[in-house]
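> Turn this into a model:
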Amino acid sequence: MASSSSSRKPSSSSSSSSYSSSSSYSSSNFNSSSKSKWRYDVFLSFRGEDTRKSFTDHLYWALDRGNIKTFRDDEELPRGEEISPQLLKAIEESRIAVIVFSKTYAHSKWCLEELVKIMDCEKEKGQKVFPIFYHVEPSEVRNQTGVYEEAFKNHERDADEEKKKKIEEWKTALGKAGKLSGFPLQDRSESKFIEEIIGEIRRLIPKAVHVGENIIGIDENVQQVKLLMGSKSSEARMVGIYGIGGIGKTTIAKVIYNDMLDQFKHHSFLENVREGSKDVHGLLQLQEKLLCDILVEKNMKLSNVNEGIQMIMSKCCLEKVLIVLDDVGSPEQLNFLAPNFESFHRGSIIIVTTRDKRSLNVHKSCLSYDAKGLSHNQSMELFCWNAFHQNYPRNDYVDLSYRIVDYAKGLPLALVVLGSFLFQRNVGEWESTLHKLKTNPLKDIQKVLQISYDGLDDEYKKLFLDIACFFKDQDETFVTRILEGCNFYPGIGLRVLDEKCLISVLGGTIRMHDLLQEMGWAIVRQNYPKHPGKWSRLWEYEDIKSVFTNNMGTKKIEGILLNQTTATAKPMQLAAEAFRKMNQLRLLIVKNRTVNLSQDFELPCHDLTYFCWYGYTLDSMPSNFHADNLVELDLQFSKIKCLRTENVCPRKLKVVNLSFSRHLVDISSISSMQYLEILILKGCTSLKSLPRNLHQLEYLRTLSCAGCLRIKSFPEIKDDMGRLRELNLSGTGITILPSSIMHLHGIENLDLSCCMYLESLPCSIYSLSFLKTLFLNECPYLEHVEYSKFEQRVMFDSNSGRILPRSRPFLIEQVLDSDFLNEETLYRPGSYGVAMFMISSRKKRSGCNKRSRMSIVEGCSISSPRKVPPLQPNSLNEKIDMSIFAPTEDG
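Take a look at the predicted model:
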């Protein structure tokens, strides 16, 4: 069925899958397969008059749902016009041609011209042709009898010699098509008929994963894995391929998967499972993709991972499946993606690749294979493909090539990286590289990847090492802010590292491969492997403990990251002089509960840019604290009482986070931090007021006082604060807002939820033209809110006549485990009054742990609560979600 070129509107379904490259045996992109010659999976040829709005339409949408990219011409050709070149090209670019032979198909000379082109493509391009005999017999098409004979009588009437030649071509094409194995409708249901067609077409459309050409030395590995799979051929089988990074596990799995595709109607290849499973949302997406692949669906939405587990188990037991789970990082991931695989349909195969053999132990019947490296000859061939774009070395590089191959020790990724690095370099550059490799022997793959690091400018090297040691998987905005304070120029630096494939930025998060991170660690250690006090960065607990215990700190240390340790770790006591020699310290990050400070603690670091100390144990900053270069101060859960002006008067400070510092009573000096952008005071339950001159913080963008129970009023805004975008006063004790709130004219999000004493809103609030969201839920005394005056600038529920509340359950539960909360008081919002919960942490007493009980207090003041017997958890009608006050990484 043809159409005019001017009005042609081709419809196509589905988009082709793309696969990220991984360390493999294959050579680099210059020898990789080019794009497929097939633009479409299926070209539909049909007579619109017969089937456009019936059978063909149903078939097209079934193909679309099955993720099969289909060309269907949507417009009839005007009488007298020829088939457009675009339509002929679409036929040539289609892997399969589906011809719907209906009763009037042969009446259309344009349909017959399409048919001639399709049969030519079958012969010349290997195109597959599927005839569908829709209410006609194959013999009618093959021999031009019945309705097809009548059609040709019309064509032959008054035909000249040229047209007679055309008619013979049409008949020949019909004869060939009629002899092909096809799909006769007969008396079957059309829906079942279409389902059968889709199944056969899918078998002919290989969804092979990209491996690349010049796959070297893989046959033995593939053979051994296949032998394992065949040992229990009648059952569902799982085979795990394990080994060090870069050995070629993924490549082995890809080759086997592509080899076996035609044996399975249902199959899926899930790449990068470990990376994709870092949170529940990512795991859910992997489950959805797996089910989409197996069920041949374009979209699949699951509500939770448990539903995904049940769906996978129920669908994989019906027919055999081929599944590859690439780079599994934990047994839990395997349980979520291949649960109870022994119950899968007989003949099913699951292939798992992993760097951790223990991940395979989740299933007792899982067989495992240790991937092997390359022989010397195989290594030479793989290296040459990358270094010379041929399978042997150039004459003047033979000896050099042997020396490089010997250095790589059969590790495929090392050969690819080195070959690509040396491509188009002269002999002198090769010699220089080999000389360097002698002084840095290859112990593992990280040493090979260091070549990319060595090509960086000094500032970019520092930036890379900071990310490897401190900021992997952190928010890009947060990291950029800190590294700008270190004068590392991250705006261009991160781009350079991305271009060098040393990092990637995905969804606003900085990613770095584990092997590259380990390379960074090795670089930091390499000059003084046994003397951490001389390293530029410290990130391991034992190394940090050794430095402090033995007073080995030096001016070379620029950054320290002390993360949370196990509950059994002994407390670390830091003396006053612990940091005395570290006068070039830029980054101090302590997220560890076991660190205690002496009262005369000092921190003589003029270059300090990021100071993060969860549970900081002193009530004030060190007497010699220097904040000239400080960009971010994060003292969540600290015991600090006040920030003194003489201690903290920085010029560069942008973020202050004092969340859950329950002893904090004075922040008056904060108003002198003129460039402050973010101020977080969540859960500071002793804080009674905000600075009167808050308006002096002209650069402030975010202010959160959520859960500051004792704050009763908001200060007058005496000047413009137009940069403030978010103000969170939820859970405070304020009664009214000042009319000067109009000076916050740039505010977009205002949270007044759970303000149990809030009585009214000032009229000036209606003039905040940029306000988008306003939370007023659980404000029982609030009256006279004129919703109409917001003019739909804020989120508004027209059904209830209220500002849309934040969806928030109210529950206090896991917070009882926190060592940072002790005899804390929190509101339980209610419809007719206020209740409070007394919360005590679990403490160590007499060598054992005791969990204190949760009590409710009703109708009392904060200062003198009256305790009543403990409530059972299931007796609470309303629950408080402590996540609204939870700490964040970057404030």
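
> could you point out where the stretch 151-300 of the chain is predicted with low confidence?
Along the stretch 151-300 of the chain, segments meeting pLDDT under 70 span 203, 206, 213, 231-233, 244-245, 298.

> Any idea which residue is closest to the centre of this structure?
The residue lying closest to the centre of the chain (Cα atoms, centre = their mean) is Gly276, at 5.9 Å.

> Now that residue: phi and psi?
phi -80, psi -10 (degrees, to the nearest 10).

> and the closest residue to it other than its chain neighbours, how many residues sit next to it?
Excluding the flanking residues, the one nearest Gly276 by Cβ to Cβ, 6 or more residues apart in numbering is Gly282, at 4.7 Å. All C-beta spots, glycine's among them, are computed from the backbone N, C-alpha and C. Other residues lying near Gly282 total 14 when counted by other Cβ atoms under 10 Å.

> Asn272 is in contact with Gly282, correct?
No: Gly282 is not in contact with Asn272 according to Cβ atoms under 8 Å; the separation is 9.9 Å.

> And the strands in the stretch 451-600 of the chain?
504-506, 509-511, 537-538, 559-562, 572-574, 587-590, 595-597 (DSSP state E, counting those that start in this stretch).

> What's the mean pLDDT across the third one?
Here the mean pLDDT over strand 537-538 is 94, rounded to a whole number.

> which of the residues in the host helix or strand of Glu195 are buried?
Assigned by DSSP states H and E, Glu195 belongs to helix 190-204. Residues 193-194, 197-198, 201-202 are the ones in helix 190-204 that count as buried (16 or more other Cβ atoms under 10 Å).

> Output the contacting helices and strands for that helix.
helix 55-65, strand 94-101, strand 128-133, strand 183-184 (3 or more Cβ pairs under 8 Å, 6 or more residues apart in numbering; DSSP states H and E).

> Same list (these) but as CSV, adding distance to Arg537 and mean neighbour count.
Formatted as CSV, the helices and strands packed on helix 190-204 follow (distance: least, Cβ to Cβ, whole Å; neighbours: other Cβ atoms under 10 Å):
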stretch, distance to Arg537, mean neighbour count
helix 55-65, 53, 19
strand 94-101, 54, 24
strand 128-133, 59, 21
strand 183-184, 67, 18
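
> Looking at the ones you listed, which is nearest to Tyr614?
helix 55-65 (50.6 Å; Cβ to Cβ).

> and that closest one with helix 190-204, angle?
With axes from the mean of the first three to the mean of the last three Cα atoms, to 10 degrees defining the directions, helix 55-65 sits at 50 degrees from helix 190-204.

> what helices or strands is helix 55-65 leaning on?
Helices and strands touching helix 55-65, by 3+ Cβ pairs under 8 Å, 6+ apart, are strand 40-45, strand 70-73, strand 94-101, helix 190-204.

> For Arg511, which of these is the nearest?
Ranked by Cβ to Cβ, the member of the helices and strands packed on helix 55-65 that lies closest to Arg511 is strand 40-45, at 32.8 Å.

> and the next element down the chain from that closest one?
Taking DSSP H and E, what comes next after strand 40-45 is helix 48-51.

> now what about that following helix, what contacts it?
The contact list for helix 48-51, computed with Cβ atoms under 8 Å, 6 or more residues apart in numbering, reads 1, 56-57, 76, 100, 102-105, 108, 134.

> From these, list the buried ones, please.
Applying 16+ other Cβ under 10 Å to the contacts of helix 48-51 flags 1, 56, 76, 100, 102-105, 108, 134 as buried.

> before we move on, the earlier item: now the strands of the stretch 451-600 of the chain in CSV, with mean neighbour count and distance to Gly217?
Output for the strands of the stretch 451-600 of the chain, formatted as CSV (neighbours: other Cβ atoms under 10 Å; distance: least, Cβ to Cβ, whole Å):
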stretch, mean neighbour count, distance to Gly217
strand 504-506, 12, 29
strand 509-511, 18, 30
strand 537-538, 24, 38
strand 559-562, 23, 41
strand 572-574, 16, 50
strand 587-590, 22, 44
strand 595-597, 19, 51
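
> For Gly553, find the nearest of the helices and strands packed on helix 190-204.
Using Cβ to Cβ, the helices and strands packed on helix 190-204 put helix 55-65 closest to Gly553, at 64.1 Å.

> Residues touching that closest one, excluding its own?
Residues contacting helix 55-65 (Cβ under 8 Å, 6+ apart): 11, 13-14, 41-42, 44, 46, 48, 51, 70, 72, 98, 100, 102, 134, 190-191, 194-195, 197-198, 201, 296-298.

> quick one: that helix to chain centroid distance?
Remark: helix 55-65 is offset 33 Å from the chain centroid, using Cα atoms, centre = their mean, to the nearest Å.

> so it versus strand 40-45, what angle?
Helix 55-65 and strand 40-45 are oriented at 180 degrees to each other (the same axes, to 10 degrees).

> Let's see helix 55-65 as CSV, backbone CA atoms only.
Only the C-alpha atoms of helix 55-65 are listed here, as CSV (Å, rounded to 0.1, in the frame of the first residue of the first chain):
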residue,chain,number,x,y,z
PHE,A,55,-7.3,-6.3,11.1
THR,A,56,-4.2,-4.3,10.1
ASP,A,57,-4.8,-1.7,12.8
HIS,A,58,-5.1,-4.5,15.5
LEU,A,59,-2.0,-6.1,14.2
TYR,A,60,0.0,-2.9,14.2
TRP,A,61,-0.8,-2.1,17.8
ALA,A,62,0.0,-5.6,18.9
LEU,A,63,3.4,-5.2,17.3
ASP,A,64,3.8,-1.9,19.1
ARG,A,65,2.9,-3.4,22.5
